[in-house]
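sequence and predicted model, in that order:
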Amino acid sequence: MAEEGVHVLADQATIGTELGALVAAKAKEAVASRGVFTIAVSGGSTTKIFCQEMLKHADVGWEKWRVFMADERLVPLDHEDCNYKGYKEGLVGSVPLAAEHIYPINPSLSVEAAAEDYTQKLKQVFSEDVPVFDMVLLGMGPDGHTASLFPGHKLLQERTLLVAPISDSPKPPPNRVTLTLKVLNRARCAVFVCTGESKAANVKVVLEGNEQDNPLPAALVQPLDGELHWYLDSAAASQLSQQ
Ligand SMILES: O=C(O)[C@H](O)[C@@H](O)[C@H](O)[C@H](O)COP(=O)(O)O
């Protein structure tokens, strides 16, 4: 299993292989020691990389997985923009993960009520006051956002909610729910997957910048007591001074 840190790999396929190995190791370890593997997953390009790769792993205790969305768009569950749909279609039926162990938001509610409802879903699975995920799998947008935590947004200061509503997301669609930094930073392992040239400038800012005053959202993911991994392809890493 890879040590925590920044992993620069040639391309998306190699990232998939390495990510799959890390997820498999963490899942087996979690199931062996706690009887369950809890993971929060993201939308965007990460969905496909993760699902395609995990189909190759049969022995990761799929029956014991509990999969939450790190963030979700407030759209019907069969909508192309729905992150849950991507994971359900990508995994259920192909691996022994039960559909009811992937937790969707309720898109028929207001965004505020959907966030509260998702908080209750977390509480059904986690006994801690603040859920401790075995893994949070994150992407980063070209602007430095992660989950639905956007640069300069007031949600970066949220200290109470576990799941927050957002109705002014600069990335469409505007209505979303997101895990807050309070939850992301309690994870045992936070993993970023970032590919492509469009991410390169802010990958450098996050990993090498000194922005004490106004850090980008992705830079604020710093698990208090867990590992942090960044998987980059050579394009996303192209502006780093050390590769
Ligand atoms: O919008 C979502 O649903 C996300 O979960 C989001 O945070 C995503 O991970 C990043 O925008 C990176 O997306 P890409 O990997 O597609 O660039």
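Thanks, I have it. Residues are numbered from 1 along each chain as shown.

so how far is Thr146 from Leu155?
Computed as C-beta to C-beta, to the nearest Å, the Leu155 to Thr146 distance reads 11 Å. C-beta here means a position set from N, CA and C on the backbone, and glycine is covered the same way.

compare those two and say which is more crowded by neighbours.
Higher neighbour count among Leu155 and Thr146: Thr146, with 27 against 19, using other C-beta atoms under 10 Å.

and that one, bridged to which residues?
Leu149 (DSSP bridges).

same question for Asp233.
Note on Asp233: beta-bridge partners Leu9, judged by DSSP bridges.

residues contacting it?
Val8, Leu9, Ala10, Asp11, Gln12, Thr14, Ile15, Cys194, Thr195, Gly196 (C-beta atoms under 8 Å, 6 or more residues apart in numbering).

same question for Pro170.
Asp143, His145, Phe150.

correct me, but the second one touches Pro217?
Yes - taking C-beta atoms under 8 Å as the definition, His145 is a contact partner of Pro217 at 5.1 Å.

find residues that contact each of these two.
Pro151.

who's more crowded, these two?
Neighbour totals were compared for His145 and Pro217, and Pro217 leads with 25 against 22 (other C-beta under 10 Å).

quick one, what contacts that one?
Neighbours of Pro217 in contact, by C-beta under 8 Å, 6+ apart: Gly144, His145, Thr146, Ala147, Leu149, Phe150, Pro151, His153, Leu156.

hmm, back to that, strands - which of the contacts of Asp233 land there?
Under the assignment DSSP state E, these contribute Val8, Leu9, Cys194 to strands.
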